[in-house]
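S.K.: Need a 3D model of the following:
(2 chains)
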Amino acid sequence: MKDLRRIFLRFLSLFTNSSTEAELDREIAAHLQLLEDDFLGQGMTPKEARRAARRAYGGVEQAKQLHRDERAFQGLATIVMDIRYTLRHLRKSPGFTLTAILMLAFGIGATTAVFSIVEGVLLRPLPFADPDRLVILGDDLVGSHWTQPTVTPPDVRNYMRDTHSFLHLGGYQRIGRELAGVGDPVHIYATRMSGEIFSALATDPLMGRWFTQQEDDQHQTVVVLSYTMWRNRFHGDEKILGTKILLDRQPYLVIGIMPRDFEFPLVPGHLNSSELWIPLSLRPEEFTAGYAASWNFRMAGRLKPSVTPAQAQRDAQLVAEETMRNYPGFMRSLRIQSQVKLLHEDTVTQARPLVHTLLIAVVTVLLIACANLAGLLLVRSIRRRREIAVRLALGASTGMLLRQALVESLALSIAGGLVGLVFATACIRIGISLLPETLPRIREITLDWPVVGFALALAILIGLVCGLAPAFAAIRTSVNDTLKEGGRTGTAGSGHGRLRSALVIAEIAVALVLLTASGLLLRSFEKMRQIDPGFRVDHTLTAYYVLPKERYATQFGIDNVTNDLLRSLRQLPGVKAAGITSSRPGSGNNGGIAITVEGVVPRKDAELNMATVSLLQGDPFQALGIRLLRGRVFTESDKADSQLVAIVNRKLTEHYWPGENPLGKRLRRGMPETPTPWLTVVGVVDDVKLGSADGETAEQFYQPVTQQVISEGAFAPAGELTGTYGCIVLHTETPPEQLENPFVAAARKIDPQLPLVDMQTMESVISESEAPRLFNTVLISSFAIIALLLAVLGIYSVIAFSVALREQELAIRMALGCQRTGVLHLVLTSAVKLGAVGCLLGLLTSTAVSHLLRTFLFGVSPFDPLVLTLSAVAMLSFALAASALPAMRAAKINPIIALRGD
Amino acid sequence: MPSKENEPIQLLQGTLDLIVLRTLVSMGSQHAYQIASRLEHVSGNLLSLNQGTLYPALVRLEQYGWIKGTWGKTENNREAKYYAITRTGQKALGEETQRWRRMSGLVEKLLVEEL
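M.R.: Numbers count the residues shown, from 1 in each chain, chains lettered A, B, ... in the order given. So this is what the prediction gives:
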């Protein structure tokens, strides 16, 4: 205890040195005075008394040194002195200090913010135990171009039963459910999943328990709640365990609550994608024709120890072969390939290109910041050559000078790092609100300690690197030459000049790379906005509805309620047209189904013919403003028992019937061997962007919802109900927001419990679909602006400094008759030279890294001449502007004063 | 030639602390000069002690929290820094005295046995 206290005090004393010294002086003086008094009292003369007192006391300086050694760690004292000295120096040149610190803060702040995001997305392990053994299993349906491996209900059964590589393996499906029994009925997202998945993820419930595979197999109606659901909907009430809630008006027993961090499935684009979990409990009809061919489920599992994903994939492929052998006749041309990949990989795949681009942008900015700092330190060390020479002459050791130079740059970089951290915290806040939700686990992104460590390590590294070069330059100073040179004469060594120029050229080059990247992205964004989405964006209001099965058990009931709904919506004042579609444009393409076109014989091993189908009721074409190109739209007379009809989009027409009249042509659902009835084309509409405007246009066809079951033929499950959900679309005369309340009121009048989900104007749907591109563009552009600012600062400081160094030379030139414009010209030319070389290098680098950017561009070549030229011109003009100020100052030099200066 | 008996002895590490503490207990609060005079007086000038060498011991004891210095006035109205023993100092003195006794007892015993 006493030793701890002493260590602390001895450390503290390093910083309270001056006050302690004063106190010590006072005490010694008092002591000597007392001694002197005594000796005087013994009858000595004042002079003798003083000398005797000194003798009795001993060496004053020795006593002081003993005192110092005792009270503080003297080894540290020199470092403290260095730091003090540095701080005093830095305080004396606030401009330099502030520039250096802010520049680094920019660089380090941006780096740290992005590193936090990368940390949060890529590096942070999944929120499950031993995540490296967790995998996703699914089928790749040959020729379908589906991005994620999915499975069918028979697959779930077969894989679970027949594979041997998995400790636990189960299937899951995200579903929507109406939740009632607590407050207003709401539509929620839930997940049906095998009990095995809980075992695979191995996250203990917060309260209660999971359901087991046995309960799943026995079709028990039990439910596990998410933490968010439990807190928000049930106010964190522990008594909820053992009670029942209504899901689609069917009672479920609450058996467990998962902890806050538990999130499954980890779906890009959704936070807390699942609010509760119920057993998968596949129903008998899900093994019949239609469901057996719908890849709407996914599987996840935990590998057995020492089994690799590749081995598991081979194992699963054997099961897939068997599954295919047992395919019914109408599916025999389908080929599936099993895919096993790590869950982690599956979760972050989509975010990877963006994260890589970000890293590159950040490294660029950091490099520029470093180059600037190195430049500044170099300039400073040259300015201080005389001071250093004097100190060397007075006997300072080179080690000491080196140490001081290092301490100075470290002090700067650490200060920069700390300010940068503050900056980063703000950046992360803003960044998260801007980030597209497709980044997985975005909620977990915070500035955390590993990141802080990274930033400080980076700061120190920068300090060491940027400090060493100028430090060595400083100690190479030749004392004699420098002192002989006198004042600010001549050039300060051509080596330094070249190094500075190289730094500036490099800065301009990398800044230009970012500038062109940002230009290309801006043009892509502009191009995307110019794309005609194929539907009206203004004056359109949309909302989804889902009819719960328990209440609407018959097709008659469903048809009645939707007809009533459409009728009362049409009567609302301000509504021009109302319709229902199964897929809302601009919200994403759901993949599509296989189709067969009459007269088009698929080659053997050819890809499947895929098209996206939308089921319609009412007047969705009018409501959405989709242009009819030929033929007619659906009418009330297109009933289940009348001729089966379809409307196709332009792209599908151009694919199968180029140059022909598509009206009267026939197509059907499924593969050639599938027994489904033909649909006759009665109309052609323009292409519609189902996802974002920069996405692919899908081949599409539309059907009246009344004819869905019949058109599915053998695929149709027994007792299938159609039109149980959809997206209602209204074309409004007034601003669409004004109709939100009347819309809800009209729906409530028909069914007071009917929830309307995700009500949005088409404008907001579109801006949501544009958000990811907007984010990329804003992000890269802001990096480009930072890079540009830093580069301009770098150019300015170098030109300003070289002008200051050449003041005498310029003065002599002017004295010898050089015009002021000539001086201006001289300085600007040197800036333009640097700028031109930098731009040339930058353009070369841009083309070299263009492949990185290509995936983010839309409708623009990475070598777009307009963008490249504009960026280069902009960079050059900024370089010129940055050097204009020092150039003008140079032109105003008064030769007489300048020459007399030394 | 001075006899060995009168030769000044070197102080053992740590003993100075003990002596200073002991002085402060028996004499009350004292300034550095008083402490030094007391030491000279008690030892009969056997301790070779420049008065300045007292200072490291004082700063050490103060950092341990065993003594505390405050500025005051002497009878002749001169200023001086008076050191007083603290409560923890008194406790420490007890422990240190014990230790010293054990130590000197041990050394004594060893010396006796050798003879």
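S.K.: What helix or strand is A:Cys727 located in?
M.R.: strand A:725-732 (DSSP states H and E).
S.K.: mean confidence score for that strand?
M.R.: The average pLDDT for strand A:725-732 rounds to 91.
S.K.: dump the residue contacts of the closest residue in space to B:Ala84 that isn't next to it in sequence.
M.R.: Counting by CB to CB, 6 or more residues apart in numbering or on different chains, B:Ser29 is the residue found nearest to B:Ala84 once chain neighbours are left out, at 3.7 Å. Quick note: C-beta positions are derived from backbone N, CA and C, even for glycine. Neighbouring residues of B:Ser29 by CB atoms under 8 Å, 6 or more residues apart in numbering or on different chains: B:70, B:82-84.
S.K.: Okay, and which of those residues map to strands?
M.R.: B:70, B:82-84 (DSSP state E).
S.K.: Nearest residue to A:Thr554 in space, please, no chain neighbours.
M.R.: Here the residue nearest A:Thr554, using CB to CB, 6+ apart, is A:Leu721, at 7.7 Å.
S.K.: contacting residues around that neighbour?
M.R.: Neighbouring residues of A:Leu721 by CB under 8 Å, 6+ apart: A:549, A:552-555, A:558.
S.K.: Following the chain onward from the helix ranked longest in chain A, which element is next?
M.R.: Identified as the longest helix of chain A according to DSSP state H is helix A:762-805. Note on helix A:762-805: by DSSP H and E, the next helix or strand toward the C-terminus is helix A:807-815.
S.K.: Now do that following helix, average pLDDT.
M.R.: Per-residue scores along helix A:807-815 average to 82.
S.K.: Then stretch A:537-548?
M.R.: The average pLDDT for stretch A:537-548 rounds to 88.
S.K.: Looks like A:Arg298 contacts A:Thr152 (just checking).
M.R.: No. A:Arg298 is beyond contact range of A:Thr152, at 10.9 Å (criterion: CB atoms under 8 Å).
S.K.: before we move on, the earlier item: of the ones in strands among the contacts of B:Ser29, which pair is most distant in space?
M.R.: Distance extremes for the ones in strands among the contacts of B:Ser29: the farthest pair is B:Thr70 and B:Tyr83 at 8.3 Å, using CB to CB.
S.K.: Parallel or antiparallel, which strands does the helix or strand encompassing A:Gln173 pair with?
M.R.: Using DSSP H and E, A:Gln173 sits in strand A:166-180. Sheet pairing for strand A:166-180, assigned by DSSP bridges, gives strand A:186-193 (antiparallel), strand A:244-247 (antiparallel), strand A:298-303 (antiparallel).
S.K.: Which one, of these, ends up nearest to A:Ile785?
M.R.: strand A:186-193 (39.1 Å).
S.K.: what does the average pLDDT come to for that closest one?
M.R.: Mean predicted lDDT for strand A:186-193 stands at 88.
S.K.: Show me what the next helix or strand after that strand is packed against.
M.R.: Using DSSP H and E, the next helix or strand after strand A:186-193 towards the C-terminus is helix A:195-201. Judged by 3 or more CB pairs under 8 Å, 6 or more residues apart in numbering or on different chains; DSSP states H and E, the packing partners of helix A:195-201 are strand A:166-180, helix A:213-217, strand A:298-303.
S.K.: Report the backbone C-alpha coordinates of helix A:195-201 in PDB.
M.R.: Only the C-alpha atoms of helix A:195-201 are listed here, as PDB (Å, rounded to 0.1, in the frame of the first residue of the first chain):
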ATOM      1  CA  GLY A 195     -36.000 -27.800 -33.500                       C
ATOM      2  CA  GLU A 196     -32.600 -29.000 -34.700                       C
ATOM      3  CA  ILE A 197     -31.600 -25.400 -35.600                       C
ATOM      4  CA  PHE A 198     -31.800 -24.300 -32.000                       C
ATOM      5  CA  SER A 199     -29.500 -27.100 -31.100                       C
ATOM      6  CA  ALA A 200     -27.200 -26.200 -34.000                       C
ATOM      7  CA  LEU A 201     -27.000 -22.500 -33.000                       C
END
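S.K.: residues in contact with it?
M.R.: A:128-129, A:134, A:160, A:166-172, A:210-216, A:224, A:262, A:264, A:277, A:279, A:300-302.
S.K.: picking that back up, who's more crowded, B:Thr70 and B:Tyr83?
M.R.: Under the criterion of other CB atoms under 10 Å in any protein chain shown, the comparison of B:Thr70 against B:Tyr83 puts B:Tyr83 first, with 25 against 9.
S.K.: what helix or strand does residue 80 sit in?
M.R.: You didn't say which chain, so I picked chain A. Using DSSP H and E, A:Val80 maps to helix A:74-92.
S.K.: wait, chain B
M.R.: In this structure, B:Ala80 is located in strand B:79-85 according to DSSP H and E.
S.K.: Can you give me the pLDDT of the nearest residue to A:Gly683 once chain neighbours are set aside?
M.R.: Nearest residue to A:Gly683 in three dimensions, chain neighbours excluded: A:Gly631, at 3.4 Å (CB to CB, 6+ apart). What the model reports as pLDDT for A:Gly631 is 92.
S.K.: Quick check: A:Gly631 touching A:Leu663?
M.R.: Yes. The pair A:Gly631 and A:Leu663 qualifies as a contact (CB under 8 Å) at a distance of 5.0 Å.
S.K.: Identify the contacts common to the two.
M.R.: A:681-684.
S.K.: which stretches of chain B form strands?
M.R.: Using DSSP E, strands in chain B cover B:30-31, B:67-73, B:79-85.
S.K.: A:Phe39 belongs to a helix?
M.R.: Yes. Counting by DSSP: H, G, I helix; E, B strand; the rest coil, A:Phe39 is found in a helix.
S.K.: Can you tell me which residues in chain A are near chain B?
M.R.: With the criterion set to CB under 8 Å from any CB of the partner chain, chain A comes near chain B through A:2, A:5-6, A:9-10, A:24, A:26-28, A:30-31, A:33-35, A:37, A:56-60, A:62-63, A:66-67, A:69-71.
S.K.: give me the number of residues near the nearest residue to A:Leu167 once chain neighbours are set aside?
M.R.: Of all residues not flanking A:Leu167 in the chain, A:Arg302 sits nearest, at 4.6 Å (CB to CB, 6+ apart). Neighbours of A:Arg302 under the rule other CB under 10 Å: 24.
S.K.: got it, and A:Gln42?
M.R.: 10.
S.K.: Against chain B, how distant is it?
M.R.: 13 Å (CB to the nearest CB, to the nearest Å).
S.K.: Kindly list the main-chain dihedrals of that residue?
M.R.: Main-chain torsions, A:Gln42, degrees, to the nearest 10: phi -80, psi 0.
S.K.: Next one: it from B:Leu58, what distance?
M.R.: 26 Å (CB to CB, to the nearest Å).
S.K.: rewinding a little: remind me what the longest helix of chain A packs against, helices and strands.
M.R.: helix A:94-118, helix A:352-383, helix A:398-434, helix A:494-530, strand A:540-546, helix A:820-848, helix A:865-891.
S.K.: Might you name the residue of the stretch 651-800 of chain A sitting closest to chain B?
M.R.: Going by CB to the nearest CB, chain B is nearest to A:Ser797 of the stretch 651-800 of chain A, at 48.3 Å.
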